[in-house]
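Undergrad: following is a predicted model, sequence given first.
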Amino acid sequence: MKTTLKMRFAILAATACWALTAPLAQAQEAPKPMRGADVNTVDQAPEAKKYLGGKPGGQEKVARTYRDQPPVIPHAVENFDEITLEENQCLTCHSADNYKKKKAPKIGDSHFRDREGKVLPTTSSLRHNCTQCHVPQVDAPPLVENDFKGDIVAAKPASKKKN
């Protein structure tokens, strides 16, 4: 008898809660998707932006914002050939053999290591696709709000001690 009575009170309480909250749920506005359109619509591609920089060697290097960040490509790459396993136009200037003649930065030592860390005599095939990590500069507004601050701090001048 006690169990039946408790069960009736539980059902009554649940029904009362549902009756009070159901109209509130119906009155709320449907959530808007973050993409700003119906999920079933085709995504709208942003307009293509022109890469900054001109002829290689004419621009200043872009400062990095954290240690080990791949450097940004400071020159245009629009007319470069596609990078393939047989050809990589980036290495024309940035390889260990050519960088001094071309007055270009040499590719990093990490590009001469395999997965186990063994030093290789030539560029690792794992690092052959330069634009996978290194991107050209583009003058484009950020897609989302961002207040990222890197961990590279400008060197402070040494303070003079008073004797």
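TA: Sure thing, it's come through.
Undergrad: wait, what's in contact with the most centrally placed residue in the chain?
TA: Nearest residue to the geometric centre of the chain (C-alpha atoms, centre = their mean): Cys133, 9.5 Å. Applying C-beta atoms under 8 Å, 6 or more residues apart in numbering, we find Cys133 in contact with Pro70. Backbone N, C-alpha and C define where each C-beta goes, glycine included.
Undergrad: and for Thr122?
TA: Contacts of Thr122 by C-beta under 8 Å, 6+ apart are Phe112.
Undergrad: per-residue confidence at it?
TA: For Thr122, the pLDDT comes out at 85.
Undergrad: phi, psi for it please.
TA: Backbone torsions of Thr122, given as degrees, to the nearest 10, read phi -130, psi 180.
Undergrad: surely Ser110 meets Thr123?
TA: No: Ser110 is beyond contact range of Thr123, at 10.5 Å (criterion: C-beta atoms under 8 Å).
Undergrad: ok, these two, which is more surrounded?
TA: Thr123 (18 against 12; other C-beta atoms under 10 Å).
Undergrad: and Thr15, that's in a helix?
TA: Yes: according to DSSP: H, G, I helix; E, B strand; the rest coil, Thr15 belongs to a helix.
Undergrad: how about low-confidence regions in the protein?
TA: Counting by pLDDT under 70, the chain shows low-confidence ranges at 1-2, 16-27, 33-39, 46, 152-163.
Undergrad: can you rerun that using 50?
TA: The chain contains residues with pLDDT under 50 at 155-163.
Undergrad: how about the strands in this structure?
TA: Using DSSP state E, no strands are found in the chain.
Undergrad: for the closest residue to Pro121 other than its chain neighbours, grab the count of nearby residues.
TA: Spatial nearest neighbour of Pro121, excluding adjacent residues (C-beta to C-beta, 6 or more residues apart in numbering): Phe112 at 7.8 Å. The number of residues packed near Phe112 is 16, by other C-beta under 10 Å.
Undergrad: how about Phe112, what does it touch?
TA: Contacts for Phe112 (C-beta under 8 Å, 6+ apart) come out as Ala96, Val119, Leu120, Pro121, Thr122, Thr123, Ser124.
Undergrad: most neighbours, which of those?
TA: Counting neighbours by other C-beta under 10 Å, Thr123 comes out on top of the contacts of Phe112 with 18 neighbours.
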